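Enquirer: 3D model of this:
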Amino acid sequence: MKERSGNTSKKAVSYLCKLAGVSRSGYYDWLKAAPTRKLREEQDDLDIKLIKIYSSVKGKSRRRTDQNG
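Expert: Numbering: from 1, shown residues only. Down below sits the predicted model:
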């Protein structure tokens, strides 16, 4: 019965890939790359936070300079 279950899964994946217009190998490549995508998204979020912090600090120091001069 395990073989049959595995065969059913293959057929389901094949059907869904055909429906989506992608190859099975492409789907499995995409699936395998999920952890890397998650790590990149987390890094992007951190970068955005750092840019916002830098922008707010940079803006405050300019205002102080403008007020003193």
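
Enquirer: Which strand or helix spans residue 57?
Expert: Residue 57 is part of helix 34-68, with elements assigned from DSSP states H and E.

Enquirer: Can you get me a residue count around residue 12?
Expert: 10 (other CB atoms under 10 Å). For glycine as for every other residue, the C-beta is placed from the backbone atoms N, C-alpha and C.

Enquirer: Dihedrals phi and psi, it?
Expert: phi -60, psi -40 (degrees, to the nearest 10).

Enquirer: please begin residue numbering at 10 from this point
Expert: Noted, 10 is the first residue going forward, which turns the last one into residue 21.

Enquirer: For residue 36, see how far away it is.
Expert: 12 Å (CB to CB, to the nearest Å).

Enquirer: since we're on residue 22, how many residues are nearby?
Expert: When neighbours are counted by other CB under 10 Å, residue 22 registers 14.

Enquirer: tell me the mean pLDDT for the helix or strand harbouring it?
Expert: Using DSSP H and E, residue 22 falls within helix 11-29. Mean pLDDT, computed over helix 11-29, is 85.

Enquirer: What residues sit buried inside that helix?
Expert: Within helix 11-29, the residues scored as buried using 16 or more other CB atoms under 10 Å are residue 26.
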